[in-house]
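Participant: for reference, the sequence and a predicted model appear below.
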Amino acid sequence: MPEDELRRVAFGDLPALGLEALSVAVTGPPRSRLIAAIVLGARGCYAAAATVLHELGRGADPVVASLALSTFASHRRQLGGHAAAFGPDAAALKLVVDLRGGEDRDGLDAAGARTDALLGLAADNLGVGRLSVSRRLLARAEPECWRSRVRLGWVTAETELASGNAEAALEPAERALKLATEAGARRHVVKSQLVLAAALGATGDRDRACPLVEEALGVTDEFELRSLSWPAGLLAAEFRPACGRYRSRVDEVLHAVLRRSDPDGRRLARDSPWVPE
């Protein structure tokens, strides 16, 4: 499959690829394999993604290796393993800390890799309660592409929420959604909707939050974005606790995700306070 089409699945508006097409993509050039692993992770196929990312993370190209390590770390965080993500995120930063250059439209370059690693480390520290460290890492990030700026908005908003500053979380969350929408990046729009909905919910504005979550849920189901489907379901269940179908859906999707995870990933999810039992 041409790299441009893979990019549109990972960062744009194309629907999910079938697993057969992805199995072909992961045998291609390193950058295409990286993008295919990103798509696999978005679908919650973490074990398959990890196999590709481990090999790329040991490759000769420092930028691709760094991006692969950061992607693997993000998959660990998605399973609730924030502490387990420190190692690959730190290794990712070390590979590109002295490299510069931003020539790729989606940030698959030295500048994007460096920002990914810094934002990953900020999210890791956020997940283990080190909010001051997270803020210092956010201040070091210098996003050059739309994807990096969107991710900066997410982690900034999440840090404010964790600090109890729900009002301060609104602006970066709104900005992330605007940038993702302008980029036509379906998956990033969904994540931005969830971050904004969480911020709105924390301020008490559920009238705005609920439609965002409902729309995000519909897209995650239609395009098989299982990595976002169960967090969206948890938000929906929080906002509308009387509706039991949301929690049932979370259980169903999370079960499917864990079946497609490697043993370490399942252990992290089982032990994490972020993942429901």
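Facilitator: Nice, thanks for sending it over.
Participant: just checking, what packs against the worst-scoring helix or strand of the chain on mean pLDDT?
Facilitator: Here the helix or strand of the chain ranked lowest by mean pLDDT, DSSP states H and E is helix 19-25, holding a mean of 72. The criterion is 3 or more Cβ pairs under 8 Å, 6 or more residues apart in numbering; DSSP states H and E, and the helices and strands that helix 19-25 contacts are helix 30-42. Backbone N, C-alpha and C define where each C-beta goes, glycine included.
Participant: quick one: mean pLDDT for the helix it packs on?
Facilitator: In this model, helix 30-42 has an average pLDDT of 94.
Participant: any idea what sits nearest Thr203, other than its immediate chain neighbours?
Facilitator: Ala166 (4.7 Å; Cβ to Cβ, 6 or more residues apart in numbering).
Participant: for the one you found, give its distance to Gly204.
Facilitator: According to Cβ to Cβ, to the nearest Å, Ala166 and Gly204 sit 9 Å apart.
Participant: and these two? which has more neighbours close in?
Facilitator: Neighbours were counted for Ala166 and for Gly204 using other Cβ atoms under 10 Å; Ala166 has more, 18 against 9.
Participant: contact partners for the more buried one?
Facilitator: Glu160, Ala199, Ala202, Thr203 (Cβ atoms under 8 Å, 6 or more residues apart in numbering).
Participant: ok, the closest residue to Val24 other than its chain neighbours to His188 distance?
Facilitator: The shortest distance from Val24 to any non-neighbouring residue, by Cβ to Cβ, 6+ apart, is to Met1 (6.6 Å). Using Cβ to Cβ, Met1 is found at 21 Å from His188.
Participant: between the two, who's got more neighbours?
Facilitator: More crowded of Met1 and His188, by other Cβ under 10 Å: His188, with 24 against 15.
Participant: which other helices and strands does the helix or strand where Arg136 lies contact?
Facilitator: Here Arg136 sits within helix 131-140, counting by DSSP states H and E. On a contact count with 3+ Cβ pairs under 8 Å, 6+ apart, helix 131-140 meets helix 110-127, helix 146-162.
Participant: tell me the most buried of those?
Facilitator: Highest mean neighbour count among these (mean count of other Cβ atoms under 10 Å): helix 110-127, with a mean of 26.
Participant: I appreciate the help and will end here.
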